[in-house]
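> When you get a sec, could you give me coordinates for this:
(chains A and B)
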Amino acid sequence: MGDDLMLLQGTLDVLILRALADGPQHGYAVARWIHDATDQALRVEDRALYVALHRALERGWVSASWGASENNRRARFYTLTRSGRRALARNQKQWASYVAAMTKALGQA
Amino acid sequence: MRLRRHAPADVPPSIDRDVDLEIREHLHRRTRALVAAGATEAEAGRRALAEFGDVSAAREEIGAIDARVDARRRGGWLAQFGRDLRQASRLFRRMPGLAAVVAISLGVGIGVNTIVFSWIESLVLKPLPGVSDAARLKLIEPRAETGSFPGVSWLELKDLQAELTTFESVLAARMVPLKIGEAGRSERKFGQFVSGNFFTALGVRPALGRLIVESDAAEAGGAPVAVLSYEFWQAHFEGSPAVVGQPLRVNDRPLTVIGVTPEGFIGTMSGVSFDVWVPGTLAPVLQPGSMELASRGIRGYSAMGRLKRGVSMADAQADVDALSRRLAAAYPSTNRTVVAEVREFWRTPRGPRQFLVSALLTLQAAMLILMLAICGNTATLLLARATSRTREMAVRLALGAGRARIVSLLLAESTLLALAGAAIGIVLTIFGTEMLRNDLGSLPRAFPLKFDTNLSGLGVMVAAALAFAGAALFGIAPAFQLARIAPTASLRISGTAVARNRLRDTIMAAEVALALMVLVVAGLFFRSYRQTIDTDPGFDRAGVALSAYELRGPAAQPGATRTFIADLLDRLRALPGVESAAVAVSVPLDIHGMPIRRFTLEGHTRPDGEDEEALTNTVTPGYFETMRMPIVSGSTFADMRDASAPPQAVVNEEFVRRFADGRQILGRRIENGARTFTIAGVVRNSLYESFGEPPTPMLYFSYRDRPTPTGEIHVRTRAGQETRLLPDIQRLVRGIDADLPVFNPRSLSGHVDSNLFYRRIPARMFIVLGPLLLALTAIGIYAVVSYAAARRTTEVGVRLALGATPRRVVTELLGETMRVVALGAVVGWIAAWWFTGRVDAAVYATVPIALLLVAALACWVPARRATRIDPLTALRQD
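Have a look, this model is predicted:
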């Protein structure tokens, strides 16, 4: 599991940033969005998602504040910061070129 | 430790809670979602946990990240203190009354200290504005056998410059009144005759042109040049650079302006500002007949020297002593009995400076004690307040705040109060020094007294230092008192368990002691001022108008002077409302004193064969009548126009007591300056140079016998009318001689009063500060008693319910506090005695009584209020 996590670290980061690109979300919603958006293909524990989320907080990509959720329970909301948006754009470009390169290489084989 | 789960020790509890909540929330939602999708409750819970992974590991990991984030956001301890300050600022909103009293009282304490400090600074630390490295400049003051300081002569100055080895340079200057401008439009100004090296040795650089140099003062009568002060240049030449090279008429002689001194430079006589500097070698030109360049007997220059680096005052003194001995041997007629002293600049024997400095140092000491008393009062207030904050602090401790945090928070509160106090103090200082300047500005213009009493950078630093020292003093005790409490104890027990608070009692007693000391000092200052004002100086101050004049050129010849004065007196006496009129060379109680002259009295010899000395004044007939100094025996002077009477003298009673040797004094002859005067009368003693002086022998001469070109017109009219007469006097003198400068118009009472400013200003300060301190002490005691009473509501209620009379309860509450106050008062009373060394029964009796009465009232009001409570209400509390 731990090996997978290491491998997927960059992947999780960019997914979290993408999940928050449409607006502030609490941790549970971020986790659900990632599971749904990847069609459950990404088999990671929620714990890893939370660690990645808090690391994004530490890097200043997201900010966090306590607020009330849709069913009026206390929840911690995460918002993409300006530097978070820049990181997302950068990562998306890297991913696109990485995927293109991989696809091209594998297609030739 | 087991209960703390896996959170690392350095993760703050609030972060721990947040992480917990977030994880629990996630698990809860996931479980709900799975149940909604059809899973059983138990299965949904298991799956949610499984999907999440190791919860405690997550908690630890996330907690650590968040702790790092938190630590970075908080910054270091400085940022922490900043947050404490912000939190402390809430104190102002929560207890505005307390904060206001503390900030204002600290502001006053800091303000008065800074005002006095700025004044001392201007006198002692910056005595010579515009001069570089003034600390190494020392006065070299010859002292006559009689203890007077006659200054050095021009020739002696040359010897000092040539022979003293411990000084880099020796320079000198002498004050000289000058008539500046064209005939008919002239002004009287003060200037200085200076040695050629004056400006170079002082290190003064010109604002414009050049300053006087050695070659300008190389030969007698030489170099007709003048240097202007910056202020004079601005006022008379609009600051035009074209002034260099322009002619300037000084005493009817054309001089050439060569330069302007820098702004702020006022010359080298303490507290007096000058407008013009000319080489000393011009003396015979500007004062025709002056022999001062050639005669060792004509002294008057103030000499000062710049010590060589590493030379001590003692070395310099030894050097000067050796030279004095050589001069005494070489010129016995002028130097046989003269020694010389090396002195710090502010200890000048001339002018009011030295006296002023010692008065100010006393004042500063009193103000520092006042500041201590204010700090004590603040500590009392904060401690009183602290008892009611016990619970707040217990809650903070229970919520996990460390004791260091609590101390830090409370010190932040003190710092904030001190900063507010410093700000108020600085504003007060700015206004205070302004007022002081205006007060000094009202002094006679003829002696342009000037003190550079601005708030300086050093002054601001002193204010800030006082604030922080104060904060430490009054803040530490309450801070540690509050931090010492046990969190649980204070939560359980409300306000009922009261041990007598020893710390608070000690501080309150100390505060009362300090307040009493300051009040006694204030009382003494005030009394001495009142006593001075009420002292009979031996002449009648009210109703006399004064104006000075100075005759020039041919009009200054003896014959012309006599005619002028006789004419002037006739016209003055003819003015409506004038009772009598006279002219005198000196006005008594002038800060610059009266001339001392040596004489021999017929039939009286000193054991050592030396001459006697006495203060002298030269006056016209009508002087004693105008001053209302009664003639005790004999008569006053002969009329100005009487050419037949022999030269006369009038002496005072002290003169008779000391020198008459018990025999008739009238008709005996006095020899002075190779002339003989016959004693015509004896006048009653009066004050001549200062209040509080012992009876001093006085010798009056007549203008008829010693016509002098300068004079002070004295005109007596109805008391209160004298200032109205001043324009008439001016007009009348101009009517005789349009070109005659008349200056320094003032009333005699104003003249005397202005020479008392060094007593008047402290007295005025204390008039405001005394009652203020009394009020502050009352507020402090009031606060202590009312908080103590409030905390003992239940006890009071029980006792009232059990039948104690309110009166008895009040008496007890009063007694507890008054014992402390009385102890403090006794200590302060003894300390004041020891500190001032003066016994003034009225002050030592009234001050403690006033203080104890105020304290008793401040106790009684809250104590009485405490007993007004309904016993049942009191018992129901808590």
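
> Give the burial count for residue 42, as a bare number.
In the absence of a named chain, chain A is used. 16 (other Cβ atoms under 10 Å in any protein chain shown). In this view, the C-beta of every residue, glycine as well, is placed from N, C-alpha and C.

> Switch to chain B, please.
By other Cβ under 10 Å, 9 other residues sit near residue B:42.

> Would it be right to say that it lies in a helix?
Yes: according to DSSP: H, G, I helix; E, B strand; the rest coil, residue B:42 belongs to a helix.

> What parts of chain A come near chain B?
A:26-28, A:31, A:45-48, A:50-51, A:54-55, A:57-58, A:66, A:73-76 (Cβ under 8 Å from any Cβ of the partner chain).

> what about the longest helix in chain A?
Looking across chain A with DSSP state H, the single longest helix is helix A:82-108.

> Go through the residues of chain A next to chain B and flag which are in strands.
Among the residues of chain A next to chain B, the subset assigned to strands under DSSP state E consists of A:26, A:66, A:74, A:75, A:76.

> And residue B:197, its phi and psi?
Residue B:197 adopts backbone torsions of phi -90, psi 10, taken as degrees, to the nearest 10.

> Contacts only, for it.
Applying Cβ atoms under 8 Å, 6 or more residues apart in numbering or on different chains, we find residue B:197 in contact with B:161, B:169, B:171, B:213, B:214.

> So the second one belongs to a helix, correct?
In this case it means residue B:169. No: under three-state DSSP, residue B:169 falls outside any helix and is assigned strand.

> Just read off the phi/psi values of residue A:69.
Per-residue torsions, residue A:69: phi -80, psi -180 (degrees, to the nearest 10).

> neighbours around the nearest residue to it once chain neighbours are set aside, how many?
Spatial nearest neighbour of residue A:69, chain neighbours left out: residue A:75 (4.0 Å); criterion: Cβ to Cβ, 6 or more residues apart in numbering or on different chains. For residue A:75, the count of nearby residues is 22 (other Cβ under 10 Å).

> Same question for residue B:181.
Look at residue B:181: counted by other Cβ under 10 Å, it has 17 neighbours.

> What residues does it make contact with?
Going by Cβ under 8 Å, 6+ apart, residue B:181 touches B:187, B:249.

> Next one: it relative to chain A, how far apart?
Residue B:181 sits at a distance of 74 Å from chain A (criterion: Cβ to the nearest Cβ, to the nearest Å).

> what helix or strand is the residue nearest the centre of chain A on?
Nearest to the mean C-alpha position of chain A, by Cα atoms, centre = their mean, lies residue A:16 at 1.5 Å. Per DSSP states H and E, residue A:16 falls inside helix A:2-20.

> related to what we said a few turns ago, would you mind checking the residues of chain A next to chain B for buried ones?
Neighbour-count burial (16 or more other Cβ atoms under 10 Å in any protein chain shown) is assigned, among the residues of chain A next to chain B, to A:26-28, A:31, A:45-48, A:50-51, A:54-55, A:57, A:75-76.

> Pick out whichever of those residues sits closest to residue B:598.
residue A:57 (95.5 Å; Cβ to Cβ).

> Please verify my assumption that that closest one contacts residue B:62.
No: assessed by Cβ atoms under 8 Å, residue A:57 is found out of contact with residue B:62, at 9.5 Å.

> list residues touching both of these two?
Here residue A:57 and residue B:62 share no contacting residue, scored by Cβ under 8 Å, 6+ apart.

> If you count contacts, what does the host helix or strand of residue B:613 end up packed against?
Residue B:613 belongs to strand B:612-619 when elements are defined using DSSP H and E. Packing partners of strand B:612-619 (3 or more Cβ pairs under 8 Å, 6 or more residues apart in numbering or on different chains; DSSP states H and E): strand B:580-584, strand B:596-601, strand B:698-702.

> want to try JSON lines for these, with mean pLDDT, distance to chain A and mean neighbour count as columns?
Converted to JSON lines, the helices and strands packed on strand B:612-619 look like this (pLDDT from 0 to 100; distance: least, Cβ to the nearest Cβ, whole Å; neighbours: other Cβ atoms under 10 Å in any protein chain shown):
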{"stretch": "strand B:580-584", "mean pLDDT": "95", "distance to chain A": "87", "mean neighbour count": "24"}
{"stretch": "strand B:596-601", "mean pLDDT": "85", "distance to chain A": "85", "mean neighbour count": "18"}
{"stretch": "strand B:698-702", "mean pLDDT": "94", "distance to chain A": "89", "mean neighbour count": "25"}
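
> burial measure for residue B:821, as a count.
Residue B:821 has 27 neighbours, counted by other Cβ under 10 Å.

> Please report phi then psi for it.
In terms of degrees, to the nearest 10, the main-chain angles of residue B:821 are phi -60, psi -40.

> Setting aside sequence neighbours, what's the nearest residue to it?
Residue B:821 sits nearest to residue B:855 (Cβ to Cβ, 6+ apart), 4.5 Å away.

> where's the one you found relative to residue B:511, distance?
11 Å (Cβ to Cβ, to the nearest Å).

> what is in contact with these two at once?
Shared contacts of residue B:855 and residue B:511, defined by Cβ under 8 Å, 6+ apart, are found at residue B:777.

> In helices, which of the buried ones among the residues of chain A next to chain B fall?
Counting by DSSP H, those place A:27, A:28, A:31, A:46, A:47, A:48, A:50, A:51, A:54, A:55, A:57 in helices.

> residues in contact with the third one?
Going back to what we said before, that points to residue A:31. By Cβ under 8 Å, 6+ apart, the contact set of residue A:31 is A:46, A:49, A:50, B:26.

> For the second one, give me the pLDDT.
This points to residue A:49. Note for residue A:49: predicted pLDDT of 88.

> next one: residue B:691
Residue B:691 carries a pLDDT value of 78.

> does it sit in a helix or strand, and which one?
Per DSSP H and E: nothing holds residue B:691, as it lies in no helix or strand.

> Let me know whether it touches residue B:533 as I believe.
No: look at residue B:691 against residue B:533 with Cβ under 8 Å: they stay out of range, at 9.0 Å.

> Report the set of residues contacting both of these two.
residue B:756.

> What residues does chain B have near chain A?
When proximity is defined as Cβ under 8 Å from any Cβ, chain B approaches chain A at B:18, B:21-23, B:25-26, B:28-30, B:51-55, B:57-58, B:61-62, B:65-66, B:68-69.

> Which of the residues you listed fall in strands?
Those of the residues of chain B next to chain A lying in strands (DSSP E): none at all.

> Buried ones from the residues you listed, can you make that a PyMOL selection?
In PyMOL, this line selects whichever of these come out buried by 16+ other Cβ under 10 Å:
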select buried, chain B and resi 18+22+23+25+26+29+30+51+52+53+55+58+61+62+65+66+69
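
> buried sites along stretch B:781-799?
B:781-797, B:799.
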